[in-house]
Each structure stands twice: as structure tokens, then as C-alpha cells.
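[1] build the 3D model from these lines:
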Amino acid sequence: MLPPDHILRPATLSDLAALGALIALSARTLGARDYSSAQIEGALRGAFGVDTQLIRDGTYFVVEHRGQLVGCGGWSRRRTLFGGDARPDRDASELDPRQDAAKIRAFFVHPDFARRGLGESILERCEQEAQAHGFTRFELMSTLPGIKFYAAHGYVAGEQTQWPLGPGLTIDFLPMAKRAPTSR
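    Next up, the predicted model:
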């Protein structure tokens with residue numbers, strides 16, 4: 001549950017600059033224990049970043065604290081599993097909720113607001129909305145710092161993968177999945 005002075009709302013295109021800044025700060029600060037600076041900067045050029053398709057679809061959310069964006073994350077009914085607008089291999093085709101899993105996407109929290117329930121509140125909203133659209137499964141590509149968070153919320157890990165960021169540079173991610181609580 002969010003603290004009373006926090007607001008969870010759908011992101012808008014007018015949030016783009018603030019989202020970009022939040023994502024970069026979160027990745028550089030909270031990712032520093034698990035990734036090198038080169039990996040983080042490489043990921044910020046494509047693997048991390050704002051996906052305006054999610055905003056246009058109304059499935060990306062922000063948490064505001066006194067007018068400042070301090071958290072973000074969303075879900076998608078589209079095939080792309082992760083990555084911002086700069087990622088060239090995006091697939092915006094729609095998923096079939098009867099056979100596909102909704103994609104949980106692009107969760108970032110301001111370092112000063114980490115571990116205060118923001119991510120959990122956004123994740124609950126995403127899962128509820130995806131279920132309302134007929135999805136019974138969720139999948140995501142977790143950063144190394146996010147693994148414990150998602151595991152604590154019922155996500156099961158697949159095999160760790162190395163994602164290419166450029167010549168001689170990769171970043172480790174972990175695919176994770178979960179069934180909706182009401183599905184069998």
C-alpha cells in the first residue's frame with residue numbers, strides 16, 4: 001500500500017522527460033552493485049528506457065510524491081518483453097490473452113524511495129489490469145537487482161541470459177513468470 005502522500009496514476013506523454021531522468025537515476029544507483037557503469041550506460045541506450053507504446057496504451061503507471069515522479073512500471077498486451085523506444089527489434093503486435101502471458105515492463109524506483117512499497121503497488125495494479133483484460137499469466141525480464149522483488153511476489157525464474165549491448169558488452173537478465181492467483 002502506498003503512503004498517503006503518494007499518488008499512483010497512468011503515465012502521460014508529458015511525463016517523458018521526468019521518466020527518462022527517473023529511469024537513468026534508478027539504473028545508475030540501484031544497479032551499481034550488480035552491473036558495471038559501462039553495462040548500465042549501454043542498457044540505458046536501449047534495454048532500459050521509456051516505451052511510449054505503453055503510455056499510449058494506458059498500461060504504464062507512475063507514482064508521484066509531492067509532484068515528483070518517484071516510481072514507474074507497467075504491463076503490456078504487446079509482444080515486446082522489455083526495452084525502450086530506442087530498441088530496434090520491438091514487436092508491437094498484440095498478444096492473445098487465451099494463450100500468451102501479459103508482459104510486466106520497465107519498473108524503476110527513485111533510490112530515495114526504494115523499499116517503501118511503490119514497486120509492489122504498481123505491480124499489483126498491473127497484474128489486476130492484465131487479468132481484467134483476460135490474461136492469466138505474466139512474464140518479465142528482470143534485472144539482477146529486481147530478482148528478489150519479483151520472487152517475493154510469486155515470480156519463478158527461468159535461465160539467466162546475457163543480452164548484447166554493443167561490441168564486447170553484455171548485460172545479465174533473468175526471465176521470470178507467474179500464473180495469476182485465480183488461474184489454475
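
[2] switch to C-alpha atoms for all contacts and neighbour counts from now on
    Fine.

[3] how about residue 38, nearest residue that isn't a chain neighbour?
    residue 169 (8.0 Å; C-alpha to C-alpha, 6 or more residues apart in numbering).

[4] what about the one you found, how many neighbours?
    Residues near residue 169, counting by other C-alpha atoms under 10 Å, number 13.

[5] spit out the contact partners of it.
    When contacts are counted by C-alpha atoms under 8 Å, 6 or more residues apart in numbering, residue 169 touches 38-39, 42.

[6] okay, strands next: where are they in this protein?
    Using DSSP state E, the strands of the chain run over residues 6-10, 60-65, 68-76, 102-109, 137-143, 156-157, 161-166, 169-179.

[7] could I get those in TSV, plus columns for mean pLDDT and distance to residue 94?
    Listed next are the strands of the chain as TSV, based on pLDDT from 0 to 100; distance: least, C-alpha to C-alpha, whole Å:
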stretch	mean pLDDT	distance to residue 94
strand 6-10	97	20
strand 60-65	98	16
strand 68-76	97	9
strand 102-109	96	10
strand 137-143	96	15
strand 156-157	98	24
strand 161-166	92	24
strand 169-179	96	19
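
[8] how about a markdown table for those, with distance to residue 93 added?
    Formatted as a markdown table, those follow (distance: least, C-alpha to C-alpha, whole Å):
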| stretch | distance to residue 93 |
| --- | --- |
| strand 6-10 | 22 |
| strand 60-65 | 17 |
| strand 68-76 | 11 |
| strand 102-109 | 13 |
| strand 137-143 | 16 |
| strand 156-157 | 25 |
| strand 161-166 | 22 |
| strand 169-179 | 20 |
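
[9] so in terms of bridging, what pairs with residue 164?
    Beta-bridge partners recorded for residue 164 (DSSP bridges): residue 170.

[10] pretty sure it is touching residue 47, no?
    No - with contact defined as C-alpha atoms under 8 Å, residue 164 does not reach residue 47; the gap is 9.4 Å.

[11] which residues touch the closest residue to residue 139 other than its chain neighbours?
    Leaving aside its sequence neighbours, residue 139 sits nearest to residue 177 (C-alpha to C-alpha, 6+ apart; 4.2 Å). By C-alpha under 8 Å, 6+ apart, residue 177 lies in contact with 137-140, 155-158.

[12] tell me the spacing between residue 70 and residue 44.
    Using C-alpha to C-alpha, to the nearest Å, residue 70 is found at 18 Å from residue 44.

[13] more neighbours: which of the two?
    For residue 70 and residue 44, the more surrounded residue by other C-alpha under 10 Å is residue 70, and the numbers stand at 25 against 21.

[14] not counting residues beside it along the chain, what's closest to that one?
    Leaving out its chain neighbours, the residue that sits closest to residue 70 by C-alpha to C-alpha, 6+ apart is residue 110, at 4.9 Å.
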